[in-house]
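Undergrad: Next comes the sequence, and after it the predicted model I'd like to discuss.
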Amino acid sequence: MRVRLTRALGRALLALASSATILSGPQAASASPETCVTPAGPPFGTYICDYEPTIIEWPDGHRQWFVVGTDVSNQVWTSWEYAYDRWTNWEPLGGTARSEVICVTCVETNPYAPLHQLYDNHLAIEVVGTTGRFYELDWWPGG
C-alpha cells in the first residue's frame, strides 16, 4: 500500500511539475511589460505603460516628454516641442530605469494631471535605477 501511495504521489508530482513547466512558458511571455505609444512625435515612440510619461511645461510654454523606453535596457528617452505641435526625434538619456521619471523641480498644479510646470528654468529629473537608488539629471538655462 505504501509503495502504491508513493508511486501515485510521485506520478502526481511529476504531472504537476510538467504542467507547471508547460504553463511557465506563456506566463513568462506575459510577464513582459505592456507597451503604450506616445502621442508626441512624429516619430511616435513606445514606452512601458506602468511607468507613465512625465510631461514638463517650460516657462516659455514649450513641452518636453520623458518616458521609460521599451528598448533592451529600458533607458529614459526624451522629446521636446520646438515649435507649436512640432517635436524633435526621441533621444536616449541612457541608464536603466525601474520607475517612471520624476520631476524634482516641478510645481504640482494638479496632482492628477500628467503635465508638470517648472518652478524656474532649472529642470531636475530622477529615476530609480537597477540598484534601487535614485539617479538624477539636471538642465540649467544655456547649458
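TA: Cool, the structure landed.

Undergrad: bridging residues for residue 35?
TA: residue 48 (DSSP bridges).

Undergrad: Relative to residue 120, how far out is it?
TA: For residue 35, the distance to residue 120 (CB to CB, to the nearest Å) stands at 34 Å. Any C-beta I mention is one placed from the backbone N, CA and C, and that applies to glycine too.

Undergrad: now swap in residue 52 and tell me
TA: Distance, residue 52 to residue 120, by CB to CB: 24 Å.

Undergrad: okay, those two: which has more neighbours?
TA: Just comparing residue 52 and residue 120: by other CB atoms under 10 Å the higher neighbour count belongs to residue 52, 14 against 10.

Undergrad: For the nearest residue to residue 82 once chain neighbours are set aside, which residues are in contact?
TA: Of all residues not flanking residue 82 in the chain, residue 88 sits nearest, at 6.0 Å (CB to CB, 6 or more residues apart in numbering). In this structure, residue 88 makes contact with 79-80, 82, judged by CB atoms under 8 Å, 6 or more residues apart in numbering.

Undergrad: ok, and the most crowded of the residues you listed?
TA: So for those (other CB under 10 Å), the most neighbours sit at residue 79, 23 neighbours.

Undergrad: Test my guess that that one contacts residue 64.
TA: Yes - between residue 79 and residue 64 there is a contact at 7.3 Å, judged by CB atoms under 8 Å.

Undergrad: what number of residues lie near residue 35?
TA: Residues lying near residue 35 (other CB under 10 Å) number 13.

Undergrad: Kindly report the same for residue 65.
TA: Residue crowding around residue 65 was assessed by other CB under 10 Å; the count is 24.

Undergrad: Likewise for the one 5 residues further on?
TA: The tally of other residues near residue 70 (other CB under 10 Å) stands at 17.

Undergrad: Wait, residue 49 touches residue 32, no?
TA: No - using CB under 8 Å, residue 49 and residue 32 do not qualify as a contacting pair, with a distance of 11.4 Å.

Undergrad: Those two: which has the busier surroundings?
TA: Each of residue 49 and residue 32 has its neighbours counted (other CB under 10 Å); residue 49 has more, 14 against 9.
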